[in-house]
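In: Sequence and predicted structure below; questions after.
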Amino acid sequence: MFILKDKTQLERAIAKAKKLRPRVEFDRFGRYRVSGSKGYYTVICRKDERGYKTVECTCKGAEKGLVCYHSAAALSLHIGLARQQQTA
Ligand SMILES: [Zn+2]
């Protein structure tokens, strides 16, 4: 799990996601399934009780607090959906 503070921390993960192009499946708002090297990982994007945006992924890298490309891929979808909700 990591806390999303600014976009620069995602840059490398986004570059990797663009290269590997994982499949992102919508489960429900804030919950996505992303394809990885060993099947699908679940990514959960939400705001915690302190108002921090947190991202969780079930892969090994995210367990260690790394920003993985699954998270980056899911976040790009999540941010787009969040924007739509705000303007709706
Ligand atoms: Zn991951």
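Out: Now that the structure is in, tell me what you want to look at.
In: So which residues of this structure form strands?
Out: Under the criterion DSSP state E, the chain contains strands at 2-4, 24-28, 31-36, 39-47, 53-57.
In: any idea of the mean pLDDT for the third one?
Out: By that I understand strand 31-36. Per-residue pLDDT values over strand 31-36 give a mean of 97.
In: Contacts for that strand, please.
Out: 22-27, 40-45, 57, 59, 70, 73-74, 77-78 (Cβ atoms under 8 Å, 6 or more residues apart in numbering). C-beta coordinates here come from the backbone N, C-alpha and C atoms, glycine included.
In: hang on, the earlier thing: can you list the strands of the chain in JSON lines and add mean neighbour count and distance to Leu10?
Out: Below are the strands of the chain laid out as JSON lines (neighbours: other Cβ atoms under 10 Å; distance: least, Cβ to Cβ, whole Å):
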{"stretch": "strand 2-4", "mean neighbour count": "16", "distance to Leu10": "8"}
{"stretch": "strand 24-28", "mean neighbour count": "13", "distance to Leu10": "15"}
{"stretch": "strand 31-36", "mean neighbour count": "20", "distance to Leu10": "14"}
{"stretch": "strand 39-47", "mean neighbour count": "17", "distance to Leu10": "12"}
{"stretch": "strand 53-57", "mean neighbour count": "19", "distance to Leu10": "9"}
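In: what subset of the contacts of strand 31-36 is also close to the ion?
Out: Contacts with the ion within the contacts of strand 31-36, as defined by Cβ under 5 Å from the ion: 41, 57, 59, 70.
In: Just send those residues back as TSV, with pLDDT too.
Out: Formatted as TSV, the ones next to the ion among the contacts of strand 31-36 follow (pLDDT from 0 to 100):
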residue	pLDDT
Tyr41	98
Cys57	97
Cys59	96
His70	98
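In: that older thread, how about the strands of the chain, which one is nearest Lys18?
Out: strand 24-28 (12.6 Å; Cβ to Cβ).
In: Who are the packing partners of the closest one?
Out: strand 31-36, helix 69-87 (3 or more Cβ pairs under 8 Å, 6 or more residues apart in numbering; DSSP states H and E).
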